[in-house]
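J.: got a sequence here, can you build the structure:
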Amino acid sequence: MPRPRKSLVSLDATPYYHCVSRCVRRAFLCGEDSVSGQSFEHRRGWIEQRLLDLADIFAIDIAAYAVMSNHYHVVLHIDKDIAQHWTETEVIERWHRLFKGSMFSQRFMQGEALSKAERNALSEQIEEWRNRLISISWFMRCTNETIAREANKEDQATGRFWEGRFKSQALLDEKAVAACMVYVDLNPIRAKLAETPESSEYTSVKQRIKAALKAKQSKQILNQTGLFPFAGNPRKAMPEGLPFRLTDYLELVEWTGRIIREDKRGAIPVNLPPLLERLNIDAKHWLYLSQHFESPFKGLVGTAHTVRNACERLGKQWVQGIKQCETLFSSR
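T.: Numbering: from 1, shown residues only. Okay, the predicted model is just below:
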């Protein structure tokens, strides 16, 4: 029996989570239906835009994403601290961008006076909404329900569009985060839908490359709108962002994707990208992770040490896949 989602999410353990949602129908989420010949390619844009729109509402950042034919991947970063600093008005404004809210919140935003009892009830609602705005379950719900309604309307169909539960993995350290992001960004290349990262449609890596090229051409500061930025290698007084350099990450994606494209799993170049050296992961283990990240692990992903620490926080005595963590995230 699947464990409750709340038993697998601990912001004390990690703010990073990899989520996958799959379509339950024979008809494609995106792409072309080989039976009817109808193209659903435009739905990729629906999902991409919805993810980026929600990242502007929730206290959740998008580190990576890839929209495939019958599923999509997204790596999320939960920013609990920023949500705690939102004023009550900010929380209401964000929630009203998703739902109508309540009678009390509508009246409050219109400047009407509330009684003490009504104000207390509204405060309770606001705290509930604040917690929902840092919830990956609510983020995925708000993504999937919107897409399902639009797809059902277009298909003139009713019933379930998505599988009942989305899959999630907690990424416990920077090794797991980097491996998962590369795995997600290289989905189209592994599926032979693209030959290069910059031609991988509806992926975060293509958006990052476009932003980097635009900044270089205009000689302006890189603006990665809608995506969690790269903050550089870990250091004191580090700004909020991914603990890597963008150039190192793109080099690692290109290096990994080139080996996948050329079908040279055993041919490891001597000149490893700097990021892979810093992460201290064996190159052959890295290539396996970049192609099979979902299958070896269940809920928790990271070094064996970080997995055991997370188990203690979550009250779990054992986690499936810890042997694979010991092997795949080692330097040997």
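J.: make it CA atoms for all contacts and neighbour counts henceforth
T.: Will do.
J.: how about the helices in the stretch 1-150 of the chain?
T.: Applying DSSP state H, counting those that start in this stretch to the stretch 1-150 of the chain gives helices spanning 42-55, 80-84, 88-96, 103-109, 116-132, 136-155.
J.: Throw those helices into a markdown table and include mean pLDDT, mean neighbour count and distance to residue 184, thanks.
T.: Formatted as a markdown table, the helices of the stretch 1-150 of the chain follow (pLDDT from 0 to 100; neighbours: other Cα atoms under 10 Å; distance: least, Cα to Cα, whole Å):
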| stretch | mean pLDDT | mean neighbour count | distance to residue 184 |
| --- | --- | --- | --- |
| helix 42-55 | 92 | 18 | 14 |
| helix 80-84 | 95 | 14 | 24 |
| helix 88-96 | 98 | 18 | 28 |
| helix 103-109 | 96 | 15 | 39 |
| helix 116-132 | 97 | 15 | 25 |
| helix 136-155 | 90 | 16 | 17 |
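J.: residues in contact with the spatially most central residue of the chain?
T.: For the chain, the residue nearest the mean C-alpha position is residue 75 (1.8 Å; Cα atoms, centre = their mean). Residue 75 makes contacts with 16, 17, 18, 19, 62, 63, 64, 65, 180, 181, as judged by Cα atoms under 8 Å, 6 or more residues apart in numbering.
J.: and it, how far is that from residue 54?
T.: Residue 75 sits 14 Å away from residue 54, going by Cα to Cα, to the nearest Å.
J.: how many neighbours does the residue nearest to residue 193 when sequence neighbours are not counted have?
T.: Computed as Cα to Cα, 6 or more residues apart in numbering, the closest residue to residue 193 that is not its neighbour in sequence is residue 200, at 7.5 Å. Residue 200 has 22 neighbouring residues, counting by other Cα atoms under 10 Å.
J.: one more: residue 113?
T.: 11.
J.: list phi and psi for it.
T.: phi -80, psi 140 (degrees, to the nearest 10).
J.: not counting sequence-adjacent ones, nearest residue to it?
T.: Per Cα to Cα, 6+ apart, closest to residue 113 is residue 107, 7.8 Å.
J.: same question for residue 255.
T.: Residue 255's closest residue in space is residue 273 (Cα to Cα, 6+ apart), at 7.5 Å.
J.: so that neighbour sits against residue 251, correct?
T.: Yes. Between residue 273 and residue 251 there is a contact at 6.6 Å, judged by Cα atoms under 8 Å.
J.: domain map for this structure?
T.: For the chain, automatic domain parsing gives the domain ranges 82-132, 173-295.
J.: hang on, the earlier thing: which stretch among the helices of the stretch 1-150 of the chain comes nearest residue 204?
T.: helix 42-55 (9.2 Å; Cα to Cα).
J.: what's next to that closest one, contact-wise?
T.: Contact with helix 42-55 is made by 29-30, 61-62, 67-68, 139, 142-143, 147, 202, 226-227, as judged by Cα under 8 Å, 6+ apart.
J.: related to what we said a few turns ago, what's opposite the residue nearest to the centre of the chain in the beta bridge?
T.: On the basis of DSSP bridges, residue 75 is bridged to residue 18, residue 64.
J.: how about the backbone phi and psi for the residue of the chain positioned farthest from its centre?
T.: Most distant from the centre of the chain: residue 115, at 41.4 Å, with distances by Cα atoms, centre = their mean. Taking degrees, to the nearest 10, you get phi -70, psi 170 for the backbone angles of residue 115.
J.: you'd agree residue 197 is up against residue 254?
T.: Yes. Under the criterion of Cα under 8 Å, residue 197 makes contact with residue 254 at 6.8 Å.
J.: okay, those two: which has more neighbours?
T.: residue 197 (23 against 18).
J.: for the more buried one, give me its contacts.
T.: 185, 186, 189, 205, 206, 253, 254, 257.
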